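S.K.: predicted model and sequence below, questions to follow.
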Amino acid sequence: MAGKKRELFSNLQEFVGPSGKLSLLEVGCGTGANFKFYPAGCMVTCIDPNPNFEKFLFKSIAENRHLQFERFVVAAGENMHQVADGSMDVVVCTLVLCSVENQEQILREICRVLRPGGAFYFMEHVAAEHSTWNYFWQQVLDPAWYLLFDGCNLTRESWKALEQAGFSKLKLQHIQAPLSWELVRPHIYGYAVK
């Protein structure tokens, strides 16, 4: 998916705020796999509910010296009270909406921390098209998948939550990711502007 991520993040610079530097918040940052796609000088804040990612995150930061690391916050995306209202130019979330407890709440929090005119970038696996075999198997395997993969849901139609989140602009594409597991090939990606 590196090519799709490169394409997705290619216009991040368009959202540089009044400070002249891009202030970016990554929600569900994991080990920092997206860092290499961010533009030079980008000021990065990371949020993840798992404190154990911190040591891996610092390794990624050391490997991506083109970024300016701000801080790591241990918190769920649905409650980012440590991040000030309107303080971010960009929020990034990849492969996170499948496992959050409340998609509407995390999207409200994302809108809250974005400055007016800021952008939310996303890439998520989603439910397959209804009446397909893939959708059938997603339905059958979802309960076990949820338990095995740390709360991940195969059947979420995350594009619906994004469409209802109140963004002024939404650029969203449905794709079939080039992955070996058919169950997680259906993806959405794009960005939304506050």
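M.R.: The structure has been received and is ready for your questions.

S.K.: CA atoms for contacts and neighbours, from now on please.
M.R.: Will do.

S.K.: tell me which residues of stretch 169-181 are tucked away?
M.R.: For stretch 169-181, burial by neighbour count (16 or more other C-alpha atoms under 10 Å) applies to 170, 172, 177.

S.K.: ok, the last one touching residue 187?
M.R.: This points to residue 177. Yes: in terms of C-alpha atoms under 8 Å, residue 177 counts as a neighbour of residue 187; the distance is 6.3 Å.

S.K.: can you pull the contacts of the residue nearest to residue 48 when sequence neighbours are not counted?
M.R.: Spatial nearest neighbour of residue 48, chain neighbours left out: residue 28 (4.5 Å); criterion: C-alpha to C-alpha, 6 or more residues apart in numbering. Residues in contact with residue 28 (C-alpha atoms under 8 Å, 6 or more residues apart in numbering) are 46-49, 77, 93-94, 96.

S.K.: you'd agree residue 92 is in a strand?
M.R.: Yes: looking at residue 92 with DSSP: H, G, I helix; E, B strand; the rest coil, it is inside a strand.

S.K.: how far off centre is the longest strand belonging to the chain?
M.R.: In the chain, ranked by residue count with DSSP state E as the criterion, the top strand is strand 114-125. Taking the mean of its C-alpha atoms, strand 114-125 sits 8 Å from the chain's own mean (C-alpha atoms, centre = their mean, to the nearest Å).

S.K.: cool, and stretch 172-186?
M.R.: In terms of C-alpha atoms, centre = their mean, the centre of stretch 172-186 is found 16 Å from the chain centre.

S.K.: what about that stretch, start to end distance?
M.R.: End-to-end span of stretch 172-186 (C-alpha to C-alpha, to the nearest Å): 13 Å.

S.K.: same check on stretch 155-165?
M.R.: Using C-alpha to C-alpha, the end-to-end distance of stretch 155-165 comes to 19 Å.

S.K.: how near is the residue nearest to the spatial centre of the chain to residue 54?
M.R.: Nearest residue to the geometric centre of the chain (C-alpha atoms, centre = their mean): residue 93, 1.0 Å. Look at residue 93 and residue 54: by C-alpha to C-alpha, they are 17 Å apart.

S.K.: so who does residue 147 touch?
M.R.: Residue 147 neighbours (C-alpha under 8 Å, 6+ apart): none.
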